[in-house]
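Engineer: Need coordinates for the following:
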Amino acid sequence: MNTKAQKLQKQITNNFLFKIYKLTKLPSLWFWKVKVKSLNLEECVVTIPLFWGNQNPFKSIYFGALAGAAEFSTGALLKMALTDTEKDSTTLVTHFEMEYTKKAVGKITLKCDEGKLALQTISRLSQDNPIEVIILSSKAYNEDGIHVATAKITWSMKYRPSS
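Structural biologist: Predicted coordinates:
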């Protein structure tokens with residue numbers, strides 16, 4: 001992992017620095033109390049607790065809050081891979097799909113472990129191949145380890161050549 005990727009990893013996994021990042025860049029994650037448990041080139045693990053600010057009338061986590069945490073788990077992993085490869089590109093979510101299998105109550109852990117796929121896809125980005133699309137999955141589990149949801153997020157990356 002290069003120095004820039006290590007710096008990004010430290011910023012996102014340090015609770016104090018991540019709070020500042022959330023407040024300035026992603027305030028909904030701050031409000032929903034999303035925390036990063038781990039981030040490296042292989043996986044990103046985040047948690048979101050059930051509390052009054054993200055609870056729906058059915059006493060489970062509101063789908064939008066769970067979707068936001070899932071998107072962040074894939075996006076942080078993708079950003080980590082892009083930073084490590086030092087390829088400058090813009091990214092955009094072009095499709096989002098989420099399947100809920102059980103009520104999301106308590107503290108939910110979301111895990112995206114497709115870092116190798118992200119690195120492989122990014123390695124194909126070039127001036128000759130300026131656009132790549134990748135689908136990253138994030139799986140959500142409750143405190144008992146029971147699967148509650150799976151998100152599939154399609155990211156489009158567009159290569160920006162160095163000037």
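Engineer: Show me the strands in this protein, by range?
Structural biologist: Using DSSP state E, the strands of the chain run over residues 35-39, 44-48, 89-100, 108-112, 131-141, 147-159.
Engineer: Now render those as a markdown table, adding mean pLDDT, mean neighbour count and distance to Ala67.
Structural biologist: Quick note: C-beta positions are derived from backbone N, CA and C, even for glycine. Formatted as a markdown table, those follow (pLDDT from 0 to 100; neighbours: other Cβ atoms under 10 Å; distance: least, Cβ to Cβ, whole Å):
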| stretch | mean pLDDT | mean neighbour count | distance to Ala67 |
| --- | --- | --- | --- |
| strand 35-39 | 96 | 19 | 17 |
| strand 44-48 | 98 | 23 | 10 |
| strand 89-100 | 96 | 12 | 6 |
| strand 108-112 | 98 | 24 | 10 |
| strand 131-141 | 97 | 19 | 10 |
| strand 147-159 | 97 | 18 | 6 |
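Engineer: Any chance of those in CSV with distance to Gln9 as columns?
Structural biologist: Below are the strands of the chain laid out as CSV (distance: least, Cβ to Cβ, whole Å):
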stretch, distance to Gln9
strand 35-39, 6
strand 44-48, 10
strand 89-100, 18
strand 108-112, 15
strand 131-141, 18
strand 147-159, 19
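Engineer: show me the contacts for Gly53.
Structural biologist: Shown in contact with Gly53 (Cβ atoms under 8 Å, 6 or more residues apart in numbering): 31-33.
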